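Q: Everything below, folded, please.
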Amino acid sequence: MTRVVAIGECMVEMAPVATEGQFRLGYAGDTLNTAWYLRRLLGASDQIDYFTAVGTDAVSDKMIDFLQQAGIGTTCILRRDDKGVGLYMIQLQDGERSFSYWRSDSAARTLAADPGPLHAALDGADLVYFSGITLAILPPADRSRFLTVLRQFRSGGGIIVFDPNLRPTLWASPDEMTQAVMQAAAVSDIALPSYDDEAHWFGDGSPEATLQRYAAAQVGCCIVKNGSDRILAGDGGQRMICDPIQDVTLVDSTAAGDSFNAGFIAARLQGADLRAAVHAGSSLAAQVIAKFGALVDVDVMRAAD
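A: Here you go, the predicted structure:
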């Protein structure tokens, strides 16, 4: 049995549907999306838990119910009497997404205010997954506390997987964002950056430069996603270029990277080699972007191949 703990913010999602001007209410968030797909890819004996903070209102209750019905563990989730959950709305233009957010006082921003519950949530876990958004929503002191807990978890033999998932509007400045991302990389075993984001904010001249920057931070395995272009993968001294899935119909790019991460992580946990794991991630992402929304039905067997 493998136990994975994903950490971040689950939000109410308003996603467009095929009918013009209509939206579907759901629940999503980058690390939650990955946890949701991991639950479908891993075995029944494996445990996927989510760590965040939510309110005690009816919407938060429904969110907890949603997670439980999806098979995701909720016993570690913190409840706040004075806060609620965030909301975001997706707009689409030719399959590409943009977002409007209402999250400035969400309970999730307090998830690392006390390290005790976080330590308890990670006790007995094999792998922790978090993102740059997880970092961005935390106050600076809580962010430092959060990384300290992760560092202790890793020193005890746990595996840490990090998706930088850069969202500049969540940060006080680009410098704060890039510094925090590299601080997080320094406590991580696996990094899953996207080259287009990294090139703009870090000045990387190529995917190889992105990979080398994470290698310099002592990240053992780095997968540099690059949209529909080739993926650069490095694991220790091993380097390879992997082709993405071809002939993909882009309907909605929401959760493309989140689902890739789930496919890759699941395959690695199941013993796949580096190339096969990248292919699993690409296969899952190709299915997800062909449908509306972040959480969609997928061919699990194909994603795990």
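Q: use CA for all of it now, contacts and neighbours both
A: Noted.
Q: just the strands in the stretch 151-300 of the chain please.
A: 159-163, 190-191, 221-224, 231-235, 238-242 (DSSP state E, counting those that start in this stretch).
Q: separation between Asp49 and Ile231?
A: According to C-alpha to C-alpha, to the nearest Å, Asp49 and Ile231 sit 29 Å apart.
Q: Compare those two (neighbour count), which wins?
A: Asp49 (27 against 21; other C-alpha atoms under 10 Å).
Q: what's near enough to touch the closest residue to that one other than its chain neighbours?
A: Nearest residue to Asp49, sequence neighbours excluded (C-alpha to C-alpha, 6 or more residues apart in numbering): Gly73, at 4.2 Å. Counting by C-alpha atoms under 8 Å, 6 or more residues apart in numbering, Gly73 touches 47-50, 67.
Q: Ramachandran angles for Gly73?
A: Per-residue torsions, Gly73: phi -70, psi 140 (degrees, to the nearest 10).
Q: where exactly do the strands run in the stretch 1-150 of the chain?
A: With DSSP E, counting those that start in this stretch as the criterion, the stretch 1-150 of the chain has strands spanning 3-7, 11-16, 23-28, 47-51, 53-55, 78-80, 87-93, 96-102, 127-131.
Q: before we move on, back to that, distance of the residue nearest to Asp49 relative to Arg103?
A: Taken as C-alpha to C-alpha, the span from Gly73 to Arg103 is 23 Å.
Q: Next: Thr249.
A: 32 Å.
Q: So between these two, which is more surrounded?
A: Arg103 (18 against 12).
Q: Quickly note the distance from that one to Glu13.
A: 12 Å.
Q: shared neighbours, those two?
A: 87-88.
Q: Can you report how many residues lie near the nearest residue to Ala70 once chain neighbours are set aside?
A: Leaving aside its chain neighbours, Ala70 sits nearest to Trp36 (7.0 Å; criterion: C-alpha to C-alpha, 6+ apart). Trp36: 25 surrounding residues under other C-alpha under 10 Å.
Q: what separates Trp36 from Val298, distance-wise?
A: 11 Å.
Q: Kindly report the same for Gln152.
A: 36 Å.
Q: more crowded one of those two?
A: Legend: neighbour count by other C-alpha under 10 Å for Gln152 and Val298, higher for Val298 (18 against 13).
Q: show me what contacts the more buried one?
A: Val298 touches 284, 287-288, counting by C-alpha under 8 Å, 6+ apart.
Q: pLDDT score assigned to Leu118?
A: You'll see Leu118 listed with a pLDDT of 97.
Q: which non-adjacent residue is nearest it?
A: Ala112 (6.9 Å).
Q: what do you get for Val296?
A: Val296 sits nearest to Val288 (C-alpha to C-alpha, 6+ apart), 6.4 Å away.
Q: count of residues packed around the one you found?
A: 28.
Q: and it, how far is that from Val17?
A: On the measure of C-alpha to C-alpha, Val288 and Val17 end up 14 Å apart.
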